[in-house]
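Asks: I would like to see how this sequence folds:
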Amino acid sequence: MSHTLPIPGTLIREEIDGKVFPYKQYRKILSGELTPHSSLGSSELQSTLVSIMHGYLFGQLDRKQYHLVTGEPGIHLTHRDNLANDIAIYPRSEKSGALTTNYFSRPPVVVIEVDVKVDTTEAGMTEFEYVILKSQQLIGFGCQQVVWVLTSIRQLVVFAGEASFQVLPWSVPLPLPVGAVLHLEQWIADEGFHFE
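Replies: Residues are numbered from 1 along each chain as shown. Next up, the predicted model:
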């Protein structure tokens, strides 16, 4: 079902192949039920998981070779293809020291996403179709691995090629192609967190 009013740019998180993907709560914002400030952020669970992964990965990475970023780093793939990520790991290059105010325009080695944060109905697809589409776009752009952390089922969905993916429990240590290993369940326990 398509939304009849134009969606303000501030409520659009991503655009893939010209299809817009607004934030999940955009309909409630447009109806006045929610304010943008109360509904566009990550949940306590999502933001804590991103922080935990960032902290542990930062300590594992050779930071002379890799650059770890969070805070919805944007990636500009092509015209009408702009993505946002929870965590991205980039190779360092000659240009790595020169920071700009633009989106990244080069592929990360690894992207980690915590849950789907967009409404997929405007694009006429399911959330998992969106996960596949976004992952394929990233892999096609040159990313080596895309990892989705799905909190509702405590699973990792891992893409390492355009045509295949693997579903793993998040208790399984996952090697990343940057010399680090994602030990999500262990790290959560080590930080003293549990789920309600």
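Asks: quick one: the helices in the chain?
Replies: 26-30, 44-60, 127-141, 184-190 (DSSP state H).
Asks: Make TSV from those helices and add mean neighbour count and mean pLDDT to it.
Replies: C-beta here means a position set from N, CA and C on the backbone, and glycine is covered the same way. Listed next are the helices of the chain as TSV, based on neighbours: other C-beta atoms under 10 Å; pLDDT from 0 to 100:
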stretch	mean neighbour count	mean pLDDT
helix 26-30	19	84
helix 44-60	16	95
helix 127-141	18	95
helix 184-190	16	96
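Asks: Any chance of JSON lines for those, columns distance to R13?
Replies: Shown next, in JSON lines, are those (distance: least, C-beta to C-beta, whole Å):
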{"stretch": "helix 26-30", "distance to R13": "9"}
{"stretch": "helix 44-60", "distance to R13": "14"}
{"stretch": "helix 127-141", "distance to R13": "11"}
{"stretch": "helix 184-190", "distance to R13": "23"}
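Asks: Between those helices, which one is closest to E14.
Replies: helix 127-141 (7.4 Å; C-beta to C-beta).
Asks: Send me the closest one as CSV with only the CA atoms.
Replies: Backbone C-alpha positions of helix 127-141 (Å, rounded to 0.1, in the frame of the first residue of the first chain) are rendered in CSV as follows:
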residue,chain,number,x,y,z
GLU,A,127,11.8,-6.7,5.6
PHE,A,128,13.9,-9.8,4.6
GLU,A,129,13.7,-8.8,0.9
TYR,A,130,15.1,-5.4,2.0
VAL,A,131,17.9,-7.2,3.9
ILE,A,132,18.8,-9.2,0.8
LEU,A,133,18.6,-6.1,-1.5
LYS,A,134,20.7,-3.9,0.7
SER,A,135,23.3,-6.6,1.3
GLN,A,136,23.5,-7.4,-2.4
GLN,A,137,24.0,-3.6,-3.1
LEU,A,138,26.8,-3.5,-0.6
ILE,A,139,28.5,-6.7,-1.8
GLY,A,140,28.1,-5.5,-5.5
PHE,A,141,29.8,-2.2,-4.5
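Asks: Noted, bye for now.
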